[in-house]
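In: coordinates only, sequence not included:
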């Protein structure tokens, strides 16, 4: 059973089943209204929404280029974009988005980066991303959360809890990165536990091997950490990414010809960020099912009619479209030489 749950095919099948159920219940709620809105959708705004989600991952690829160029000069933004899409696919088909980095390790190595360098890039990219997100969402909390918390659904308690979970997780990851001693303790404890349940035969050999990688990891990480200009640039680019991603529902609303004042784009950004906080509690691959319900619940105070149509289009563009595109890119990188894919 455990092997089945970890299977990518099982997770993809689960995503499809949940996606079909969400579509069924949404259409069952207001079939004629949703179909009418989709038929009269503004195609130009729809293309713009797709361009925004691609820009989000392209900026992620550009960050990979900046980090990788500290180790090898041949790494390009195109390569980073490919890796960002592969990571998106890996995150989508694994519980709690836990597999994105795992899917990216092999392509990074094919591009000439060592394992320790790859680990440093992925780990620090994640830390910088999370820290920026926490700072960004904290600002949104200060600006808008009290308004929705007082007048909205109990789901906002879950939003707050999700935010606190992200803060605690971030603190633990920073401690793991900053303290080599703590890193060793965690590694030793995990290896010994895996030995006890008979997954690892020679614990000392595994500990020595991983501890050597930890040393290389900290060495490589210092190159990024000591480059203050790069860190500032990475934070600013991530802020751009969040603004792009969190604003997509506003342009989906325009796509469906629903009236919403331009000044409400800040509310849309806030509410989308709150939805992402709740995802911390949804262990299903892609946070499927829970994300859709949360989106509809959280956006209810902002808009009434048309919310199901907005949710379906938003979810298709930001998740299912990226899932298919990332899966296609991963398939092509495995089937053909990765360098040929770039051209």
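Out: Cool, the structure landed. Computed from a predicted structure; not experimentally measured.
In: helix or strand for residue 104, which one?
Out: If you go by DSSP states H and E, residue 104 is part of helix 100-110.
In: that helix: what's the following helix or strand?
Out: helix 115-140.
In: list the helices and strands that next one packs on?
Out: Applying 3 or more CB pairs under 8 Å, 6 or more residues apart in numbering; DSSP states H and E, one finds that helix 115-140 makes contact with helix 43-68, helix 100-110, helix 155-178, helix 203-225, helix 228-255, helix 265-278. Where C-beta positions appear, they are placed from N, C-alpha and C, glycine not excepted.
In: identify each buried residue in the helix holding residue 104, please.
Out: When burial is assessed from 16 or more other CB atoms under 10 Å, helix 100-110 yields the following buried residues: 100, 101, 103, 104, 105, 107, 108.
In: need the residues that contact it.
Out: Helix 100-110 is contacted by residues 68, 82-83, 86-91, 94, 115, 117-118, 121-122, 126, 330, 333, 338 when judged by CB atoms under 8 Å, 6 or more residues apart in numbering.
In: can you flag the buried ones in those residues?
Out: Here, 16+ other CB under 10 Å leaves 68, 82-83, 86-91, 94, 117-118, 121-122, 330, 333, 338 buried among those.
In: now, those that are in helices?
Out: 68, 82-83, 86-91, 117-118, 121-122, 330, 333, 338 (DSSP state H).
In: need the max-distance pair from the residues you listed.
Out: For these, the maximum inter-member distance is 22.5 Å, found between 89 and 117 (CB to CB).
In: flag the shaky bits of the stretch 201-343 of the chain, pLDDT-wise.
Out: The stretch 201-343 of the chain contains residues with pLDDT under 70 at 210-221, 280-281, 283-287, 304, 337-343.
In: hmm, back to that, relative to helix 43-68, how tilted is the helix holding residue 104?
Out: With axes from the mean of the first three to the mean of the last three CA atoms, to 10 degrees as the basis, helix 100-110 and helix 43-68 are set at 60 degrees to each other.
In: just want the angle from helix 100-110 to helix 115-140.
Out: Using the same axes, to 10 degrees: helix 100-110 against helix 115-140 is 140 degrees.
In: now helix 100-110, how far from the chain's geometric center?
Out: Chain-centre distance of helix 100-110: 16 Å, with CA atoms, centre = their mean, to the nearest Å.
In: what of stretch 200-213?
Out: 31 Å.
In: cool, and stretch 85-95?
Out: 8 Å.
In: I'd say residue 279 and residue 293 touch.
Out: No: with contact defined as CB atoms under 8 Å, residue 279 does not count as touching residue 293 (11.6 Å).
In: what is the rounded mean pLDDT of the one helix or strand residue 80 maps to?
Out: In this structure, residue 80 is located in helix 77-92 according to DSSP H and E. Averaging pLDDT along helix 77-92 gives 93.
In: tilt between that helix and helix 43-68?
Out: Using the same axes, to 10 degrees: helix 77-92 against helix 43-68 is 100 degrees.
In: what sits up against helix 77-92?
Out: 15, 57-58, 60-65, 68, 97-104, 107-108, 111, 285-286, 319, 322-323, 325-327, 329-330, 333, 338, 341-342.
In: likewise stretch 32-40?
Out: For stretch 32-40, contacts defined as CB under 8 Å, 6+ apart pick out 26, 27, 256, 257, 258, 305, 306, 308, 309, 312, 313.
In: show me the contacts for the third one.
Out: In this case it means residue 256. By CB under 8 Å, 6+ apart, the neighbours of residue 256 are 37, 38, 40, 41, 42, 306, 309, 310, 313.
In: burial count for the third one?
Out: Per other CB atoms under 10 Å, the neighbour tally for residue 40 reads 9.
In: and if you look at the second one?
Out: In terms of burial, residue 38 registers 13 neighbours under the definition other CB under 10 Å.
In: how much space separates it from residue 155?
Out: Distance, residue 38 to residue 155, by CB to CB, to the nearest Å: 26 Å.
In: likewise residue 297?
Out: Distance from residue 297 to residue 155, by CB to CB: 5 Å.
In: right, and the helices and strands packed on helix 115-140 - which one's nearest residue 188?
Out: Nearest of the helices and strands packed on helix 115-140 (CB to CB): helix 203-225, 5.8 Å.
In: need the pLDDT of residue 9.
Out: 64.
In: just give me the neighbour total for residue 243.
Out: 14.
In: repeat for residue 32
Out: Quick note: residue 32 (other CB under 10 Å) scores 8 neighbours.
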